[in-house]
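> No letters, just coordinates:
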């Protein structure tokens, strides 16, 4: 009777697997669920693994309740379940006798779920309502399951309706983990530092050569030699991509261990000064001239921005969108300087690549290899950064 | 089906939980699945494991994860260097490798003669592949030591509590095996209860004013790190210790440094809210 819930969850975009569903059924069988409130919390604990999906879950839960008429009906069904009405959800002719019966049940349920996944591709919401499926609607319940007392179902339904977790939704194509995995490619391992790592094979060989007297061979550790400069466009047309850029930043910051990592911000295009943080305060800047002077060309440069701006911001003296920049040299000259100084630069564009028709996007794309800020794009960009020139 | 026997977590006096969390803890115990806890910093993720251990009267084994922690560290360490040293310089029996196998935290939890609570704290601190490396061990609750050809398997499956700050996303295969709970930020009612656990004798008026200020600060959404439960508790502690009269609270926020920890937040606050003119 609860199988419908599984499909509503899937429909609402909760990535629930059969394994988790079976775990949930097991939890039900142990007798953890006494009312709808507990049904709500337990199903969520077992089936949903991120607060980003809590809101999807709430939506699904509400639909599930509505599909069953009301919270009271489900509460009664749960009560029925608890009163040992296992038979009502079993394939016909089977029965539950101890552990073995339960395992058998799980096996059958799993088979059934798999079958129904296949039949379900059409996208309709409900299964097993026709009355032929033993996992279907409550019609098969023997009559006369009464429950005493009052129903506790109202609270959970109310909780779901409140949708308190709406703000945790992400619905993003990329997450930090995936980005982090893509960034792992950005490694050039070399041996540096003191000789404090024991080289085991060499030590064994040397010991053998030394007639069994131990001689230890030490070597330098392997470390990532990559130095990274991350320059991000912030503000204005980049606002919709702010969280995506934040994720990229935390991915770069937390997963890969670079020898050096610097990050600065700019607005639309790069001019004389870069900002130290995303708020772009005029008092907190670092000059491009200084960066080009102090950073050696080995730094890998990742620029992030939609490269969409007015043409004069790129081509004109004093063209900067922030008037205070008063740039003596047009933005495109600064971009060329950057590309000329550093050997490896890429531009990541968070905007949909189908919209890269703006003239300035093309102009920037001529200077830097441009990739979309997706898993694939990030992967390609990272490859471009480590290629030997 | 019948009720299986399992330990029943009912909460402990010094740790306030919601009913939902209690039943989730019990499910995770009875299903023998690790309980993955996530939530804002300062909402008591780590304390939950302590509370479970105390409530059930079980020993707590804590495995603190760092960025350099490897899955193998939790299972066992074979101290080859000690053995080598003993073989050459000490008068010890080195033929028995067992003497040089030291169990890690996970290994200790498995080998313990009685059921323990195993806390794997801040799993997201480790390398991105770390959780995957533990999948099998957590699933089957056993591992093999090739050096001695022994298998350490759990005598009693430990009650595993795993906390994460979601700095990194965890792999799907790992998540599928866990029971998950996101500790929401407590609403004012629950928060009041939590504060009262820590300060049983607190004046009602002080508590009310402090809570008002605290939730107002959280609501502004202007701070990089919103103050959380542990900050509130610290702040109230300071307020009481400093003997700040209740009336002051409605006009200004003393000791705001205990609530706002980031320098940027502190500056933002002093520029916009200080001197009693709250917007």
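Received it, and whenever you're ready, just let me know what you need. Note that the coordinates shown come from a computational prediction; the quantities given were computed from them, not determined experimentally. Numbering: from 1, shown residues only, chains lettered A, B, ... in the order given.
> where are the low-confidence patches of the chain?
Going with chain A. A:1, A:69-176, A:178, A:189, A:192, A:254-256, A:322-325, A:389 (pLDDT under 70).
> oops, chain B please
B:1-7, B:166-169, B:221, B:273-279.
> quick one: the strands in it?
With strands called from DSSP state E, chain B shows them at B:35-39, B:59-64, B:76-78, B:101-103, B:116-121, B:142-145, B:150-153, B:159-164, B:179-183.
> Redo these as TSV? Include mean neighbour count and distance to chain A.
C-beta here means a position set from N, CA and C on the backbone, and glycine is covered the same way. Shown next, in TSV, are the strands of chain B (neighbours: other C-beta atoms under 10 Å in any protein chain shown; distance: least, C-beta to the nearest C-beta, whole Å):
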stretch	mean neighbour count	distance to chain A
strand B:35-39	24	7
strand B:59-64	17	18
strand B:76-78	17	13
strand B:101-103	16	19
strand B:116-121	25	16
strand B:142-145	16	19
strand B:150-153	15	21
strand B:159-164	25	10
strand B:179-183	24	4
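> could these go into a markdown table alongside distance to residue A:179?
Listed next are the strands of chain B as a markdown table, based on distance: least, C-beta to C-beta, whole Å:
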| stretch | distance to residue A:179 |
| --- | --- |
| strand B:35-39 | 19 |
| strand B:59-64 | 26 |
| strand B:76-78 | 33 |
| strand B:101-103 | 36 |
| strand B:116-121 | 24 |
| strand B:142-145 | 32 |
| strand B:150-153 | 37 |
| strand B:159-164 | 18 |
| strand B:179-183 | 22 |
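> Give me the distance between stretch B:97-108 and the centre of its chain.
25 Å (C-alpha atoms, centre = their mean, to the nearest Å).
> what comes into contact with that stretch?
Stretch B:97-108 is contacted by residues B:61-63, B:72-80, B:82-83, B:92-94, B:110-111, B:118, B:134, B:137, B:143, B:145, B:147-148, B:150, B:152 when judged by C-beta atoms under 8 Å, 6 or more residues apart in numbering or on different chains.
> ends of that stretch, how far apart?
Using C-alpha to C-alpha, to the nearest Å, the end-to-end distance of stretch B:97-108 comes to 18 Å.
> Give the buried residues for it.
B:97, B:100, B:101, B:103, B:104, B:105, B:106, B:107, B:108 (16 or more other C-beta atoms under 10 Å in any protein chain shown).
> Nearest to chain A among those?
Closest approach between those and chain A, by C-beta to the nearest C-beta: residue B:100, at 16.4 Å.
> Distance check, the closest one against residue B:217.
Going from residue B:100 to residue B:217 by C-beta to C-beta, to the nearest Å gives 55 Å.
> ok, now residue A:363?
From residue A:363 to residue B:217 the distance is 46 Å (C-beta to C-beta).
> The two: who's more crowded?
Neighbours per residue (other C-beta atoms under 10 Å in any protein chain shown) separate residue A:363 from residue B:217, with residue B:217 holding more: 22 against 17.
> isn't the more buried one right up against residue B:223?
Yes. The criterion here is C-beta atoms under 8 Å, and residue B:217 meets it with residue B:223 at 7.4 Å.
> Identify the contacts common to those two.
residue B:260.
> Okay, and the residue in chain A positioned nearest to chain B sits in which element?
Per C-beta to the nearest C-beta, residue A:177 is where chain A lies closest to chain B, at 3.2 Å. Assessed by DSSP states H and E, residue A:177 sits inside helix A:176-183.
> which strands and helices sit next to that helix?
Applying 3 or more C-beta pairs under 8 Å, 6 or more residues apart in numbering or on different chains; DSSP states H and E, we find helix A:176-183 packed against helix A:242-255, helix A:375-386.
> buried sites along the shortest one?
The neighbour-count check on helix A:375-386 (16+ other C-beta under 10 Å) flags A:377, A:378, A:379, A:380, A:381, A:382, A:385 as buried.
> Over to stretch B:198-211?
B:202, B:206, B:207, B:209, B:210, B:211.
> again, but for stretch A:208-220
residue A:217.
> what does it contact?
So stretch A:208-220 is in contact with A:191-199, A:202-203, A:206-207, B:84, B:88, going by C-beta under 8 Å, 6+ apart.
> one step back: out of the buried residues of helix A:375-386, who's near chain B?
Residues of the buried residues of helix A:375-386 in contact with chain B (C-beta under 8 Å from any C-beta of the partner chain): none.
> Which of those residues sits closest to residue A:243?
Closest to residue A:243 out of the buried residues of helix A:375-386 is residue A:378 (15.9 Å), distances taken as C-beta to C-beta.
> List the contacts of that closest one.
Counted by C-beta under 8 Å, 6+ apart, residue A:378 has contacts A:174, A:179, A:182, A:183, A:348, A:371.
> can you pull up the bridge partners for residue B:61?
residue B:118 (DSSP bridges).
> distance of it from residue A:261?
Where residue A:261 is concerned, residue B:61 sits at a distance of 36 Å (C-beta to C-beta).
> Just checking the longest strand along chain A against chain B, any contact.
Ranked by residue count and defined by DSSP E, the top strand of chain A is strand A:189-198. No. Judged by C-beta under 8 Å from any C-beta, strand A:189-198 stays clear of chain B, getting no closer than 8.7 Å.
> I'd like to know how many residues surround the residue nearest to residue A:5 when sequence neighbours are not counted.
Once flanking residues are discounted, residue A:5 sits nearest to residue A:64: 4.8 Å by C-beta to C-beta, 6 or more residues apart in numbering or on different chains. When neighbours are counted by other C-beta under 10 Å, residue A:64 registers 23.
> And for the one 3 residues further on?
Using other C-beta under 10 Å, residue A:67 is surrounded by 16 other residues.
> what does residue B:94 give?
Neighbours of residue B:94 (other C-beta under 10 Å): 15.
> give the contact list for it.
Residue B:94 makes contacts with B:83, B:86, B:87, B:100, as judged by C-beta under 8 Å, 6+ apart.
> let's see it at 10 Å
B:82, B:83, B:84, B:85, B:86, B:87, B:88, B:100 (C-beta atoms under 10 Å, 6 or more residues apart in numbering or on different chains).
> in the stretch 101-250 of chain B, which spans are helices?
B:105-111, B:130-140, B:172-176, B:188-198, B:204-219, B:229-242, B:246-251 (DSSP state H, counting those that start in this stretch).
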